[in-house]
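[1] When you get a sec, could you give me coordinates for this:
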Amino acid sequence: MPTLFEVMEDDDFLPDLRQNNDLLMKYLSSDKIIEMVKLVVTEPTFNSSPARCFKLPFVATQALCVDTPFIAAAVMDDERVLNALFEFINLPEEVQLNSTLCGYFNKILSFWLIKKPG
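    Numbers count the residues shown, from 1 in each chain. Model (predicted):
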């Protein structure tokens, strides 16, 4: 079975996600959604691959903003996913936030607050 990173690096990942591909929906468990959130809210290490530093956080952001019932439920109705997302702003004051990751966090949060305000 391919890793989440391998699946996300595939050019068909986002189109398949938007089209509710059954196989992809079965693959994307709650743990995999949390792993995608962690790509957005966790700064890559110095030794991380270029894909981990640039492509995967961007693709994860796009995936977490796909307006389908599956993603909506995965992001907005799963407390573990929301906790993982909000870890980003619960960092100690002395930790400087990555501005690119802040933008990704803002995009996800803004998207879902507009879509599901209540």
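
[2] three-state assignment of the residue located most distally from the centre of the chain?
    Here the chain reaches farthest from its C-alpha mean at Glu94, the gap being 24.7 Å by C-alpha atoms, centre = their mean. Secondary structure of Glu94, reduced to three states by DSSP: H, G, I helix; E, B strand; the rest coil: coil.

[3] Could I get the phi/psi values of it?
    phi -70, psi -10 (degrees, to the nearest 10).

[4] And it, what's its pLDDT?
    If you check Glu94, the pLDDT there is 84.

[5] Pull the contacting residues for it.
    Residues counted as contacts of Glu94 (C-beta atoms under 8 Å, 6 or more residues apart in numbering): none. For glycine as for every other residue, the C-beta is placed from the backbone atoms N, C-alpha and C.

[6] ok, now Ala74?
    28, 30, 33, 81.

[7] how near is it to Phe13?
    Separation of Ala74 from Phe13 (C-beta to C-beta, to the nearest Å) stands at 15 Å.

[8] How about Ala73?
    From Ala73 to Phe13 the distance is 19 Å (C-beta to C-beta).

[9] Would you mind telling me which of these two has more residues around it?
    Neighbour count, other C-beta atoms under 10 Å: between Ala73 and Phe13, Phe13 has more, with 18 against 13.

[10] Please identify the nearest residue in space to that one, excluding sequence neighbours.
    In space, and not counting its chain neighbours, Phe13 is closest to Val7: 6.0 Å by C-beta to C-beta, 6 or more residues apart in numbering.

[11] Return the residues in contact with that neighbour.
    13, 24, 27.

[12] And the biggest helix by length in the chain, what's buried?
    In the chain, ranked by residue count with DSSP state H as the criterion, the top helix is helix 99-115. Neighbour-count burial for helix 99-115 flags 101, 104-105, 108-109, 111-112 (criterion: 16 or more other C-beta atoms under 10 Å).
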